[in-house]
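Student: Show me how the following folds:
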Amino acid sequence: MPISARGSRLAEALDCDYRLMPATLVVTDQRLAVALRHESPVATALALAGHADVALTGIGAFDGTTSGSIFDSWQTPAMIRELASRGAVGHVRGHHFTGSGDHIETEMCRRTMAVPLNQLSGISTVVGVAYGPEKMEAIRGALRGHHLDVLVTDGQTAATLLSG
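Tutor: Residues are numbered from 1 along each chain as shown. You can find the predicted model right below:
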């Protein structure tokens, strides 16, 4: 099911509004990102997202060689080496962080079309969704960094997190 249909169904079930970002997660260069952020549909979506009552986000894992398929066309080998050398374990909304949850500022951050990690605290409730052993360090980092207020996961992942 396309993300737009899932978003629509979830918003309908919760009796709320939702907006899709009218741009890709990452763009090719910083000048394009700046220009897009000034376009009315993108500016409006970012402004609304930064002041939402609830934000729903996935938690992606970084295993030292990849951040997952959503970044395949955006991450260069040099960028992957940089993330690995700086201790990246995961990402939320396209922004990478360490095991302690510290944001790793990279040039890709300036090309990412999403609410920055440091602005998530302005959202009343940030819900992160992730499960499985391959996401464990990313989930821990997101929690340690206070990037989430609520975690939606499976029983095994929850039990592993609670056991230390």
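Student: Who are the packing partners of the helix or strand residue 159 falls within?
Tutor: Following DSSP states H and E, the helix or strand that holds residue 159 is helix 155-162. Using 3 or more CB pairs under 8 Å, 6 or more residues apart in numbering; DSSP states H and E, the elements in contact with helix 155-162 are helix 136-144. For glycine as for every other residue, the C-beta is placed from the backbone atoms N, C-alpha and C.
Student: What mean pLDDT does the helix holding residue 159 get?
Tutor: What helix 155-162 shows for mean pLDDT is 96.
Student: to the chain's geometric centre, what's the distance from the lengthiest strand in the chain?
Tutor: Ranked by number of residues, the top strand in the chain under DSSP state E is strand 54-61. The chain centre lies 5 Å from the centre of strand 54-61; the measure is CA atoms, centre = their mean, to the nearest Å.
Student: okay, the angle between the helix holding residue 159 and helix 136-144?
Tutor: Helix 155-162 and helix 136-144 are oriented at 60 degrees to each other (axes from the mean of the first three to the mean of the last three CA atoms, to 10 degrees).
Student: Good, we can wrap up now.
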